[in-house]
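Colleague: Give me the fold of what follows.
(one chain, ligands or ions: 1)
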Amino acid sequence: MNQHASIERNAPFQFDFADPPALREELRMMRREVRRFVETEVVPQAEAWERDGKIPREIFRRMGALGFLGMRFEEKYGGTNMGALASLIFAEELGRSTFGGFTSSVLVQTDMSAVHIGLRGTPKQKERWLPGVIRGEIVCSIAVTEPGAGSDVAGLATRARRDGDHWVINGAKMFITNAVYGDLLIVAARTDPAAKGSRGISLFLVPRETPGISVTKLEKHGWLCSDTAEIGFDDVRVPADAMLGEENQGFYGIMDTFQNERLVIGGICAGESAKAIELTVDYVKDRKAFGASLWQQQAVRMKLASLASKAAAARQLAYHVAELLETGKDCIREVSMVKALSPEVLHEVVHGCLQLHGGTGFMRGTPIERMVRDARVLTIGGGATEVMLEEVAKRM
Ligand SMILES: Cc1cc2nc3c(=O)[nH]c(=O)nc-3n(C[C@H](O)[C@H](O)[C@H](O)COP(=O)(O)OP(=O)(O)OC[C@H]3O[C@@H](n4cnc5c(N)ncnc54)[C@H](O)[C@@H]3O)c2cc1C
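Modeller: Okay, the predicted model is just below:
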C-alpha cells in the first residue's frame, strides 16, 4: 500500500483557516449564511455575469433582503452596525466565490463608497440614501481616481465651483467601479483651487443620471462581471446640500475610509487564497501522473502546504487589524501592512495553484485561470503595494 494512501480522500472537502477562538457567534453565523448564499446563488450563475459584463440588479436586492448590505450602517436606517470584523469575514466569504468582479462590486457598495454616507452624512442625507443602499435598490460608486491622479490622490483636478445654491462640477474620473450600471456616485472634487495638495478637496453625492455626466465602459483584464468606467463631468450641477462631509475636508475622509477598504482587500485575499488552495488540492488528488495522483508527489504537497501557511499568516494579520480597528486604535501602519502583504501572497498562491493545474489551469473556463486574472488588480487598486510600503516605512 502506498505510504500516502491514508492522506487520500474521496469526498470533496472545504479548505478553511480556523476562526479566532473568541469570534462572536453572530459573526460565525453570518459567515455560514454568506457562504451558503455564495455557493447556491452566486457560483451557479456568475459565469453568465462574466460573459454579460454585468451583475443583475436582483442579486443586490437579494443581498439586501438577506441583510448582507447593511452590516456597516446604523440600525435606524435598516443596518446592523456589526463592525470591521464583519466586513472582513464578509469579504473573505465573497472572495471564496472565485469571481473577483462580483466580490469587488459588492464591497465597493458596502465598504468603500456608501460607508462614506454612514460616516460623514447629515441625518437628511442618511435618511435619503441609506435605506435604499441597504436594501440593494441603490448601487453606489466612489469616484476618486482620475486620468492624471491615481496613487497621488492629492493630485486630483476635478473642480467643483460654487454657483448660488449649487455646485458645478467639471472634470474626469477613471476606473470607477459600479459607475456604468450604478445609481449614485460619491465624487471627490477640488473646491478650493487656491489650496494645495490634500487641502481643498470635498466629497459630493451625485446621482448617476444627473445631466452633464457621460460614462464610458472600460474593457478589463479581469473582474469581468463588475463594471468599470471613465466618467466625464461637464457642468454637472448639484444642490449645495449634496456636499458630503465638511467643505475642503474630503481628502481626510477618503484616507479614513481607505483603512476599511484596505482591510477588506485583506479579506478578499484570504478567501480567494483558501478557495484556490481547496480547488488545487482537489485537482491534484484526482489527477494521475507517473502511476499515482499528483498529491502523492511530496513536492506537490509541500508546495500547497507552504502556500497555505503563507496565506494563513497574511490572513491572521488582517484579523489582528480588524480587532485594532474595532477598538478604535490608530493602526494605519498595520492596515498598510495588510494591503501591502495580502495581495502579494495571493499572487503567489494563485500562480502556484495554476502551475499545479498544468495546461488545464491556462484554459478559459477553469476557476483558477479566472482567479489569476482577477487577483492581478489587487496589488494596484486601493493603494499600490509600493505606496503601502511607503506608509509602513513612514511609521518605522
Ligand atoms: C478594476 C479597477 C477598479 C477600480 N475601481 C476604482 C473605484 O471604484 N474608484 C476609484 O476611485 N478608483 C478605482 N480604481 C483606481 C485604483 O485605485 C488606481 O488604479 C490605483 O490607485 C493606482 O492608481 P493609477 O492606476 O493611476 O496608478 P499610478 O498612480 O500611475 O501608479 C502606477 C504604478 O506606479 C507605482 N507607484 C505609484 N506610486 C508610487 C510610489 N510612491 N512609489 C513607488 N511606486 C509607485 C505602482 O506600482 C503603481 O501601480 C480602480 C482601478 C482598477 C484597475
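
Colleague: Enumerate the residues of this structure near the ligand.
Modeller: Counting by Cβ under 6 Å from any ligand atom, the residues of the chain close to the ligand are 108, 141-145, 150-151, 175-177, 220, 223, 228, 377, 380-382, 384, 386-387, 390. Yep, even glycine has a C-beta here, placed from its N, CA and C like the rest.

Colleague: And the buried ones among the residues you listed, selectable in ChimeraX?
Modeller: In ChimeraX syntax, the buried subset of those is picked out as below (16 or more other Cβ atoms under 10 Å):
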select :108,141,142,143,144,145,150,175,176,177,220,223,228,377,381,382,384,387
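
Colleague: Dihedrals phi and psi, the residue of the stretch 101-250 of the chain found nearest the ligand?
Modeller: The ligand sits closest to Gly150 of the stretch 101-250 of the chain, with a gap of 1.8 Å, by Cβ to the nearest ligand atom. According to degrees, to the nearest 10, the main-chain angles of Gly150 amount to phi -120, psi -90.

Colleague: could you measure Gly148 against Ile254, distance?
Modeller: Distance of Gly148 to Ile254, given as Cβ to Cβ, to the nearest Å: 17 Å.

Colleague: Who has more neighbours out of the two?
Modeller: Remark: of Gly148 and Ile254, Ile254 carries more neighbours, 22 against 12, as counted by other Cβ atoms under 10 Å.

Colleague: List the residues that contact that one.
Modeller: Residues near Ile254 by Cβ atoms under 8 Å, 6 or more residues apart in numbering: 144, 153, 188, 201, 203.

Colleague: Mind checking which of those are buried?
Modeller: 144, 153, 188, 201, 203.

Colleague: biggest helix in this structure by residues?
Modeller: For the chain, the helix with the greatest residue count under DSSP state H is helix 250-286.

Colleague: out of everything not next to it in sequence, what's closest to the residue nearest the centre of the chain?
Modeller: Residue closest to the average C-alpha location in the chain (Cα atoms, centre = their mean): Ser104, at 4.1 Å. Distances taken as Cβ to Cβ, 6 or more residues apart in numbering put Ser226 closest to Ser104, at 5.2 Å, once the chain neighbours are dropped.

Colleague: And that neighbour, what's its pLDDT?
Modeller: On pLDDT, Ser226 comes in at 98.

Colleague: Quickly find the element holding it.
Modeller: Ser226 belongs to no helix or strand when elements are defined using DSSP states H and E.

Colleague: so how many other residues sit close to it?
Modeller: With other Cβ under 10 Å as criterion, Ser226 counts 26.

Colleague: okay but Glu247 is in contact with Ala195, surely?
Modeller: No - at 10.8 Å, Glu247 does not count as touching Ala195 under the criterion of Cβ atoms under 8 Å.

Colleague: Which one's more surrounded, the two?
Modeller: Using other Cβ under 10 Å as the criterion, Glu247 and Ala195 rank with Glu247 on top: 16 against 13.

Colleague: ok, and the closest non-adjacent residue to the more buried one?
Modeller: Ser202 (5.3 Å).

Colleague: Name the residues of stretch 243-258 that are buried.
Modeller: In stretch 243-258, counting by 16+ other Cβ under 10 Å, buried: 243-245, 247-251, 253-254, 257-258.

Colleague: can you map out the helices along this structure?
Modeller: 25-37, 43-52, 57-65, 84-95, 100-107, 115-120, 123-135, 250-286, 298-326, 332-356, 367-375, 385-394.

Colleague: and those helices as TSV, adding mean pLDDT and distance to Ser214?
Modeller: Formatted as TSV, those follow (pLDDT from 0 to 100; distance: least, Cβ to Cβ, whole Å):
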stretch	mean pLDDT	distance to Ser214
helix 25-37	97	35
helix 43-52	98	22
helix 57-65	98	22
helix 84-95	98	31
helix 100-107	98	21
helix 115-120	97	23
helix 123-135	98	23
helix 250-286	97	23
helix 298-326	97	37
helix 332-356	98	32
helix 367-375	98	28
helix 385-394	98	29
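
Colleague: that older thread, what residues does the residue nearest to the centre of the chain make contact with?
Modeller: Contact partners of Ser104, counting by Cβ under 8 Å, 6+ apart, are 177, 223, 226, 268.

Colleague: do Pro211 as well
Modeller: Neighbouring residues of Pro211 by Cβ under 8 Å, 6+ apart: 236-237.

Colleague: Backbone dihedrals for it, please?
Modeller: Main-chain torsions, Pro211, degrees, to the nearest 10: phi -60, psi 140.
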